[in-house]
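could you look at this predicted model? Sequence included:
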Amino acid sequence: MANSSRITQIETLTHPDYPKLVWINLTSDDGVTGHGETSFGPEAVEAFIHNDVAPYLLGRNPDQLDRHWREINRLGMTHRSRGVEMRALSGVDMALWDLFARRNRMPLYQVLGGLTREKIRVYNTCAGYSYGVKRSGLGEPGSIDYRPEQPYEDQHAFMTDAGKLAEDLLNEGITAMKIWPFDQFVGKTNGQYISLEEVDEGVEPFRKIRAAVGDQMDIALEMHSLWNLPSAIRIAKAVEPYQPMWYEDPVRMDNIDTLADFRKQMREPVTASEMVSTRWQFREMFERKGMDICMFDICWVGGISEAKRVASMAEAYNLPAAPHDCVGPITLMFSIHLSLNMPNAFLQETVRAYNATWYSEIVQRLAPMEDGYFLPPEGDGIGTEFQPSFLTDSNLIREVSAL
């Protein structure tokens, strides 16, 4: 066990090429640094970290993980939102755990409790290269900087030739995929109505996938909480004959009774929700039977501390968990470690377009993938570092609070 130490520096990193992301580095007085990450509103997240978190955390023992989570959460005075304070807490908590694991010279999965499995199955979220990074719309053709000539422009592919995309994924050993072909129709009515003609068009990718690969591919339907209840039900019933792996976030997460009403009418599983933070809100979702599969994003839910608590709570309800990642490489690495550790992990999200391009521009290594499964990362902590070229980029912006 590492000797007692102090946190001496909190650093945040932002970069104009990744305008929605902020990274957090925590350094202890023995020279070890842990990494965290979160997204959306990076300027506000940085302000909360340096103005509120730093005065509390600097000089503290980095090993008191639960204490720091509680005290930083009190600074934000929030249990129920995915707001600035919770995103900041999530990123700082991640950095604390990475720091703890590195100081004790163990991989993160080991300090979480060890490997429950030797590998975790992945599903490919069929986003393209710019989705989620420089995204300007809800997924309508033309709203994103598509590069269909590139091999992993998967959002364009599922909208145009979903069967061929499914075949390509299977050739890589990936047996599950997630698509959102109904998002393109939201703008007409703000999600208040979808016509039968639009429903039929949205179902087309499911028809093509089943025609091309049969039941070899699991297909998840992402609904992005964009629809009212009647429209969400209409969409789901139309997709039901194709046996989707799940319906994800079919309605807004601001009324759990509505989510529960949706689930009661479904034959296939309902997944929720990357849009929910902390164990308190997940508890309501479990108690009201609003989901079949628990999904959270580590960099929004309250960090790795809260993700593990929520996963354990889901296990008590005999529910599987499937960590979200459509954010950044640090979040993905944390998610893989947790998926390898938690007994009720179902599968792990990944975006092959990200892994092949900008994730590798930021970090030196990702977890090895083999035949559609992530294997345990090597090394201490989360098992990766920032690329030297990223850290020396003249466009990188650093903000530092130190003793």
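Good, I have the coordinates. Computed from a predicted model, the values in this text were never measured in an experiment.

C-alpha only now, for contacts and for neighbours.
Noted.

quick check, residue 214 in a helix?
Yes. Under DSSP: H, G, I helix; E, B strand; the rest coil, residue 214 falls within a helix.

helices of the stretch 51-200 of the chain, residue ranges please.
Secondary structure of the stretch 51-200 of the chain (DSSP state H, counting those that start in this stretch): helices at 54-57, 65-76, 84-103, 108-111, 154-160, 162-171, 186-189, 196-213.

most tightly packed of those?
Highest mean neighbour count of the helices of the stretch 51-200 of the chain: helix 84-103, a mean of 28 (counted as mean count of other CA atoms under 10 Å).

so which elements touch that helix?
Under the contact definition 3 or more CA pairs under 8 Å, 6 or more residues apart in numbering; DSSP states H and E, helix 84-103 sits against strand 21-28, strand 33-39, helix 42-48, helix 65-76, helix 108-111, helix 298-301, helix 303-316.

mean pLDDT lowest for which of those?
Sorting the helices and strands packed on helix 84-103 by mean pLDDT places helix 65-76 lowest, at a mean of 93.

now do that one: everything it contacts.
Contacts with helix 65-76, where a contact means CA atoms under 8 Å, 6 or more residues apart in numbering, come from 52-53, 56-57, 79, 85-86, 89, 93, 96-97, 305.

turn the residues you listed into a markdown table, columns for distance to residue 71.
Listed next are these as a markdown table, based on distance: CA to CA, whole Å:
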| residue | distance to residue 71 |
| --- | --- |
| 52 | 11 |
| 53 | 9 |
| 56 | 8 |
| 57 | 9 |
| 79 | 12 |
| 85 | 12 |
| 86 | 12 |
| 89 | 10 |
| 93 | 11 |
| 96 | 14 |
| 97 | 16 |
| 305 | 13 |
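
which of the residues in stretch 171-180 are buried?
Within stretch 171-180, the residues scored as buried using 16 or more other CA atoms under 10 Å are 173-180.

in this structure residue 320 contacts residue 312, no?
No. Between residue 320 and residue 312 there is no contact under CA atoms under 8 Å: 9.8 Å.

care to break the protein down by domain?
As assigned by automatic domain parsing, the chain contains the domains 7-105+386-402, 110-374.

can I get the ones you listed in a markdown table with distance to residue 380?
Listed next are these as a markdown table, based on distance: least, CA to CA, whole Å:
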| stretch | distance to residue 380 |
| --- | --- |
| domain 7-105+386-402 | 5 |
| domain 110-374 | 10 |
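
re earlier: give me whichever of the helices and strands packed on helix 84-103 is most buried.
helix 298-301 (a mean of 32).

if we can go back for a sec, and of the helices of the stretch 51-200 of the chain, who's closest to residue 351?
With CA to CA as the criterion, residue 351 lies closest to helix 154-160 of the helices of the stretch 51-200 of the chain, at 9.1 Å.

helices or strands next to the closest one in the packing?
Checking 3+ CA pairs under 8 Å, 6+ apart, helix 154-160 ends up next to helix 162-171, helix 196-213.

part of a strand, is residue 250?
No. Applying three-state DSSP, one finds residue 250 to be coil, outside a strand.

tell me the contacts of residue 383?
If you count contacts by CA under 8 Å, 6+ apart, residue 383 has them with 107, 333, 365-367, 377.

which one of those is nearest residue 200?
The closest of the contacts of residue 383 to residue 200 turns out to be residue 333 (CA to CA; 37.8 Å).

got the phi/psi numbers for that closest one?
phi -60, psi -40 (degrees, to the nearest 10).

give me the nearest residue to it, chain neighbours excluded.
In this structure, residue 333 finds its nearest non-sequential neighbour in residue 382, 6.0 Å apart by CA to CA, 6 or more residues apart in numbering.
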